[in-house]
Structure formats: structure tokens, C-alpha cells
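1. no FASTA, just this:
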């Protein structure tokens, strides 16, 4: 039996606070999901860093995130080892790290699911092969799931959702185009400049530019083309992002890579702003061509698109966000999937190879040769250190986890 009210542990990466102060798509989604699960009546413990402000019970090992050491294996291993020990009494752990997928073998009685927020590239596929049959994988778009090899089945596809109350509708728009995201070639910022110039329209660029490669791309490719009509306004926080989206004629998003999702596109739709983008990745799942935006891989057609996009209904863009990309829909999809995994704990089940649409219920699992429950024998020969024990005693039981935010002793 699966309890109607779940105790869910969520493990965030240790690199960016939840929610992020500016750029950070994964952390923004985790904030929405954690708060949404609580609103839906479930218990949540978010394992994050001490500078997180997500309004749910939280625990942490590190007082502050360390984006400058993003990807450092020692930091991530310490973070996830502490997380699994702290969350071991939860009904289910939703892990958004990579190192945690292996540390989880120390806790074979705790069901675990993971979400892949990136592409199914060679590096990630090598990792996910090791957990097949033990940890179900959630994809974030049908396109992303379709790129996973047959030996790495995706158990369900759940599109991201937003807390739409934080994205007020802007019915009027303005006369400028907006490019929003990261400062790099794949995001097509240089392409957006060329399209805007050819269309004779002003362009505002709001993009993260912290890493050396991003700074080089800006200095060598973007900065020489800036003037009073093509402007870089920096990396913006939430309030400024909303203001820019509400005032834009369109979000110009000419990406060059198969982006697994594209959170900025649903943020634009939520504000009533149509999206002009390419057919790469998940974009066709998010943008309805001719209704909430225009899609093309041809730059000449994209020039025509930004000139014609003003004819689209901004109300239709908002309606699409409310119908398909709300926090409530995302939470409902996750809860249904979590309950299925908890209900089948310890039973031998097949993880379906065909991903489901986010608007459909998660797939039913059927008997087969794989198992969701982790094996009893750990690949890690040493236990988590006693110093990682939470402040509350283990005899307090699972409810003790759902308490005020605290640092691990």
C-alpha cells in the first residue's frame, strides 16, 4: 500500500541556492516542486545549502553554495552522503544530483527516483546505465527522452511547471525583442543580434556571464555588435526578468542545440509573451507554432517571424502556460509517479522504455526482470560517518525530519 500523504526527500545540487537569486533553472524548478508538494498536503524535506530560502523544511551540510567549485566531486559526495543519511526515513527520495545515485546504494530500503535535467549525452548515459532497474529516471521532455539509448529507459516524462502567481500576465507587450538565458554560442545570442538587426528591431540581452567561456564569447562575438539598439543589460533577478518579459514584443530564442527543455520559454508564455525559436530539442513541445509563437530553423524566416509575431494573441500564450505548465500540473504528475514507485517497492517491475507525455498519467509498471528496490549489498564498503548524523535522534522517527530548517551536526 502507498500512503496518500507522502514523506518526500528532495536532494538539490550544492552549487546554487534554492530558489536561485538569478540564473538557475534546476533550482527554480525544485523550489516550485517542493512548495507545491507541501501545498498538496505532502511532507517535504529539501536537502540543499544553508543559504537556500525555499519555504519548506530544509536540511544542509554546507552553509553556503559554492558555484565556483561546480562539479567538484568531493563537495558533491559529502553533500549527498549527508543527504541520504538525513532523508533515510522518507517514503521516497527524489535525487537531482549524479553522485547521489551511487551513494543511494547504502540505503536499500529507501525508494529513489531521479530527474535528468541535461541531455542524454555519452557522459550521462554511462552514469545512468549503472542505475537501470534500480532507480527510475524521469525525463523533462519527450524529445530528451527519445535521445536516451534503449538500454537506458526513461520511466516517465514530466514537463516543468511554474508558480504562475509569480508571473503576472502582461497584456500589451512592447516594441523590443528579448534574448534571455546564458551567454554562449548554443543559446544563439549572436544569431539573435543578426535577426534583430535584419528586422530593424531593438534587442535587449539578459544573460548569465560568469564563466570564462561565457566571458570570452561575449568579448569576442557579442560586445563588438552592441549599440543603442542592441543592448546587454546583464544577468537579472526575478523581478527584472518579469518586467523585461512583460514588456517584450517576443522572446527571441534562436537556440542551436537540442535543449532538453527550455524553462525561459514557459516563463515567457506565462507573462503572455510569444516565443520565436527554432525546432531544436523540446521547443516544439512548448511552443505551438502560429498560436503561442513561431518556429523555424531558417534565419530569413525567423526575421519574418519577429515582424509577424505581434499578430499572435498574448492571452493565448498565458492560457497555454496555465493549461500545460502550471505548478499544480507538475506536482500532480510527480505525486502520481512517486506513489507508483512507492507502491511497487521491492517488487520486480519493468521500467517502460517509451516515455509518456507530461499531460498523460505516469505509466503503469508491469512485472519483469528489473527491480525498483535497490539491492541489499552496497558497492560502498564503508558507512556514512557518524558526524553526519542529524541533530534529531534517529529514535524520533520519520516525522522528526519534517521540522524547522537545521544544519547537520
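-> Arrived safely, thanks for sending. Bear in mind that the values here come from a model prediction, so they are computed numbers and not experimental data.
2. okay, and the helix or strand of this structure with the least pLDDT?
-> strand 366-371 (a mean of 30; mean pLDDT, DSSP states H and E).
3. My reading is that residue 8 lies in a helix. Confirm?
-> No: going by DSSP: H, G, I helix; E, B strand; the rest coil, the assignment for residue 8 is strand, not a helix.
4. what pLDDT does it get?
-> Predicted confidence (pLDDT) for residue 8: 98.
5. That one contacts residue 89, doesn't it?
-> No: applying C-beta atoms under 8 Å as the test, residue 8 and residue 89 come out as separate, 11.7 Å apart. Just so you know, the C-beta spots here come from the backbone N, C-alpha and C atoms, and that holds for glycine as well.
6. and residue 155, how far is that from residue 48?
-> Between residue 155 and residue 48 the computed distance is 24 Å (C-beta to C-beta, to the nearest Å).
7. Neighbour count: those two, which is higher?
-> Remark: of residue 155 and residue 48, residue 48 carries more neighbours, 31 against 27, as counted by other C-beta atoms under 10 Å.
8. Low-confidence stretches in the stretch 151-300 of the chain?
-> For the stretch 151-300 of the chain, applying pLDDT under 70 flags no range at all.
9. let's see it at 90
-> 210-211 (pLDDT under 90).
10. Tell me where it has helices.
-> Ranges of helices in the stretch 151-300 of the chain, per DSSP state H, counting those that start in this stretch, are 189-199, 212-217, 238-247, 263-270, 283-286, 299-308.
11. Relative to residue 338, which of those helices is closest?
-> Taking C-beta to C-beta, helix 263-270 is the member of the helices of the stretch 151-300 of the chain nearest to residue 338, at 21.8 Å.
12. Just want the angle from the closest one to helix 238-247.
-> 60 degrees (axes from the mean of the first three to the mean of the last three C-alpha atoms, to 10 degrees).
13. ok, the residue nearest to residue 61 when sequence neighbours are not counted - how many residues close by?
-> Nearest non-adjacent residue to residue 61, counting by C-beta to C-beta, 6 or more residues apart in numbering: residue 82, 4.1 Å away. A count of neighbours around residue 82, defined by other C-beta under 10 Å, yields 26.
14. I'd like the next helix or strand past the helix or strand encompassing residue 82.
-> Per DSSP states H and E, residue 82 falls inside helix 73-86. The helix or strand immediately downstream of helix 73-86 is strand 92-95, counting by DSSP H and E.
15. Parallel or antiparallel, which strands does that following strand pair with?
-> strand 7-11 (parallel), strand 112-115 (parallel) (DSSP bridges).
16. how about residue 284, what does it touch?
-> 143, 295 (C-beta atoms under 8 Å, 6 or more residues apart in numbering).
17. now do 10 Å
-> 141-143, 277-278, 295 (C-beta atoms under 10 Å, 6 or more residues apart in numbering).
18. And those residues, which is closest to residue 38?
-> Nearest member of the contacts of residue 284 to residue 38, counting by C-beta to C-beta, is residue 141, at 25.8 Å.
19. where's the closest residue to that closest one other than its chain neighbours relative to residue 206, distance?
-> Excluding the flanking residues, the one nearest residue 141 by C-beta to C-beta, 6+ apart is residue 282, at 3.5 Å. Distance, residue 282 to residue 206, using C-beta to C-beta: 21 Å.
20. isn't residue 279 right up against residue 286?
-> No: assessed by C-beta atoms under 10 Å, residue 279 is found out of contact with residue 286, at 11.5 Å.
21. what residues do those two have in common as contacts?
-> In contact with both residue 279 and residue 286: residue 295, using C-beta under 10 Å, 6+ apart.
22. who's more crowded, those two?
-> residue 286 (29 against 14).
23. show me what contacts the more buried one?
-> 141, 159-160, 253, 259, 261-266, 268-269, 275, 277, 292-293, 295, 320-321, 324-325.
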